[in-house]
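Engineer: let's see this in three dimensions:
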Amino acid sequence: MNISVQFLGAAGTVTGSRYLLQIGNFRLLFDCGLFQGLKNLRLRNWDPFPVPADSINAIIISHAHIDHTGYLPRLVKEGFKGKIYCTKPTADLLEIMLLDSAKLQEEEAAYASKKGYSKHSPPQPLYRVEDAESVMHLVESLDLNDTFTLSDHIQFTFRGAGHLLGAAITELLVKGEAQQKTIVFSGDLGRSSDIMLYPPESINQADVLFIESTYGNKSNPATDVSIELEKIINETFKNQGVVL
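Structural biologist: Predicted coordinates:
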């Protein structure tokens, strides 16, 4: 069975995470993130998706952060009708974050119209609140360590990734006629020691590994979060500011 992958985001930038896998005749999208940051990155959200939205069979979401989920309403708006798989905590956070993202998209379009700085008349949001609401009808939430069958040849299992409530490493098992392969997507990984979250689970075997590399070329020192937070709060109070 032929397997191919297209990297559609999070390259040259850390936002817009999207991997499109073609497994035989099955199209699987892993993460569906929004490009964020500078204007040249945000404009990429308006680019046509490289395959028709309704040709994608399923989507697996690693965690709820918008750079991994924020394009979902747009893809659904363009015709995606398959299932969106994630953990149960991710499903809860997903609704909150996508509705908030859609509201911001609408407010930005309204502000651009009011100020007249958009070249479009009238300015349109990337998606609306009703598009975000449509996403939730397609979500199927699963428990960690449960194995789910996507097709006759594809199964996957979520493992704990730390990082954020509900974040998961995905173990994808592809069964061919002569052999089988394990493909692992790390998603974003948490620290091995965290005040509020379990550490990422260990993965013992993989034929192909797609791994987070945000800090691949820099030092990410393990600082004492409580000391840093105390410093920020005290400095803010001293300056009569607000801590959110």
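Engineer: for this protein, where's the lowest mean pLDDT among helices and strands?
Structural biologist: In the chain, no helix or strand scores lower on mean pLDDT, DSSP states H and E than helix 39-42, which sits at a mean of 88.
Engineer: buried ones in it, by neighbour count?
Structural biologist: Of the residues in helix 39-42, those buried by neighbour count under the rule 16 or more other C-beta atoms under 10 Å are 41, 42. In this view, the C-beta of every residue, glycine as well, is placed from N, C-alpha and C.
Engineer: so for the next helix or strand after that helix, mean pLDDT?
Structural biologist: Heading C-terminal from helix 39-42, the first helix or strand you meet, by DSSP states H and E, is strand 58-60. The average pLDDT within strand 58-60 is 98.
Engineer: strand 58-60: partners in the sheet, and parallel or antiparallel?
Structural biologist: Strand pairing for strand 58-60, determined by DSSP bridges: strand 26-30 (parallel), strand 83-87 (parallel).
Engineer: residue 153: which of the ones you listed is closest?
Structural biologist: Across the strands paired with strand 58-60, residue 153 has its closest neighbour in strand 26-30 (7.3 Å, C-beta to C-beta).
Engineer: sorry, back to before: report the backbone C-alpha coordinates of the least confident helix or strand of the chain in CSV.
Structural biologist: Taking Å, rounded to 0.1, in the frame of the first residue of the first chain, the C-alpha atoms of helix 39-42 are listed here in CSV:
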residue,chain,number,x,y,z
LYS,A,39,0.6,39.4,7.7
ASN,A,40,2.4,37.3,5.1
LEU,A,41,1.7,34.3,7.2
ARG,A,42,-1.9,35.2,7.9
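Engineer: need the contact partners of that helix.
Structural biologist: Contacts with helix 39-42, where a contact means C-beta atoms under 8 Å, 6 or more residues apart in numbering, come from 13, 15, 16, 35, 36.
Engineer: distance of the fourth one from residue 68?
Structural biologist: Counting by C-beta to C-beta, to the nearest Å, the gap from residue 35 to residue 68 is 12 Å.
Engineer: more neighbours: the two, which one.
Structural biologist: Per other C-beta atoms under 10 Å, whichever of residue 35 and residue 68 has more neighbours is residue 68, with 29 against 23.
Engineer: okay, and the residue most central in space within the chain sits in which element?
Structural biologist: With distances taken as C-alpha atoms, centre = their mean, the residue of the chain nearest its centroid is residue 68 (1.7 Å). Using DSSP H and E, residue 68 sits in helix 66-69.
Engineer: helices or strands up against that helix?
Structural biologist: With contacts taken as 3 or more C-beta pairs under 8 Å, 6 or more residues apart in numbering; DSSP states H and E, helix 66-69 sits against helix 88-115.
Engineer: since that was my last question, I'll sign off now.
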